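> Provided below are the primary sequence and the corresponding predicted coordinates.
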Amino acid sequence: MSSRRYFVGDKVRLRAVEPEDLEVLYTMENDPEAWDVSNFTVPYSRYVLKQYIAQSDCDIFADRQLRLMIVRLDDESVVGTVDLTDFQPLHRRGEVGIAIRSSHRRQGYAGEALRLLCDYAFGFLRLRQLTAHVACSNEASRQLFRSCGFVDCGLLRQWWCINGEYQDVCLMQRLADEE
């Protein structure tokens, strides 16, 4: 792995969710554009998000998931989130998701955050593989994952219903010893 400083890169750092992140999470989670590629169909209240922040142990072995905030180094602003979900320690695998706030896209933050998460997952957690579900029509996201060593490994036909139309999803995978 590239570094033992798992959570700090040149542009961003990853950190645990803090109570001060409530408004950022509220805005991001309640963006209907993000609902299309998630399993959420209703808005989150500030109360629910506040409970989520308070109850999260930030222990991937207990929670079976980990959400990290992507923080820009030059001004400490939150530019997005990166998640490791569906964590399966027995099989040494997990699923990756990333969301960048619209005003911060296409500035290299997602790629660096994804590389940092992969370094942590493979180098510290000793996972064998990571997967991601990406809309086949979302070439920018597919390229992001490819740039971090993920490859297309499957097609889920008509997997997501977006604006009333079914869309195919590419299943992407990265093995620990491949980059």
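Cool, the structure landed. Residues are numbered from 1 along each chain as shown.
> helix or strand right after the worst-scoring helix or strand of the chain on mean pLDDT?
Counting by mean pLDDT, DSSP states H and E, the weakest-scoring helix or strand in the chain turns out to be helix 32-35, with a mean of 65. On the C-terminal side of helix 32-35, the closest following helix or strand by DSSP states H and E is helix 46-55.
> How far off centre is that following helix?
19 Å (Cα atoms, centre = their mean, to the nearest Å).
> so where do the helices sit in the protein?
22-29, 32-35, 46-55, 60-63, 109-123, 139-147 (DSSP state H).
> as a whole number, average confidence for the first one?
What that stands for is helix 22-29. Average pLDDT, helix 22-29: 84.
> Report the angle between that helix and helix 46-55.
110 degrees (axes from the mean of the first three to the mean of the last three Cα atoms, to 10 degrees).
> Where does the prediction get shaky in this structure?
Applying pLDDT under 70 to the chain picks out residues 1-4, 32-42, 57-58, 179.
> got the buried residues for stretch 7-24?
Across stretch 7-24, burial judged by 16 or more other Cβ atoms under 10 Å covers 7, 9, 11-15, 17, 21, 24. Where you see a C-beta, it was placed from the backbone N, CA and C, and this is true even at glycine.
> Name the residues that touch that stretch?
With contacts defined as Cβ atoms under 8 Å, 6 or more residues apart in numbering, stretch 7-24 is touched by 6, 25, 46, 49-50, 53-54, 56, 58, 67-74, 78-79, 82, 101, 107-109, 112-113, 115-117, 120.
> Any of these buried? List them.
Listed as buried from these are 6, 25, 49, 53, 67-72, 78-79, 82, 101, 109, 112-113, 115-117, 120; burial here means 16+ other Cβ under 10 Å.
> Any chance of CSV for the helices of the chain, columns distance to Gln129?
Shown next, in CSV, are the helices of the chain (distance: least, Cβ to Cβ, whole Å):
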stretch, distance to Gln129
helix 22-29, 27
helix 32-35, 25
helix 46-55, 27
helix 60-63, 15
helix 109-123, 9
helix 139-147, 13
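> Next, the distance between the ends of stretch 51-64.
For stretch 51-64, the first-to-last residue distance is 17 Å (Cα to Cα, to the nearest Å).
> ok, residues contacting that stretch?
16-19, 21-22, 25, 66-67, 84-87, 89, 125.
> what about that stretch, distance to the chain center?
Worked out by Cα atoms, centre = their mean, stretch 51-64 lies 16 Å from the chain centre.
> thinking again about what came up before, which one of the buried residues of stretch 7-24 is nearest to His133?
Leu14 (20.9 Å; Cβ to Cβ).
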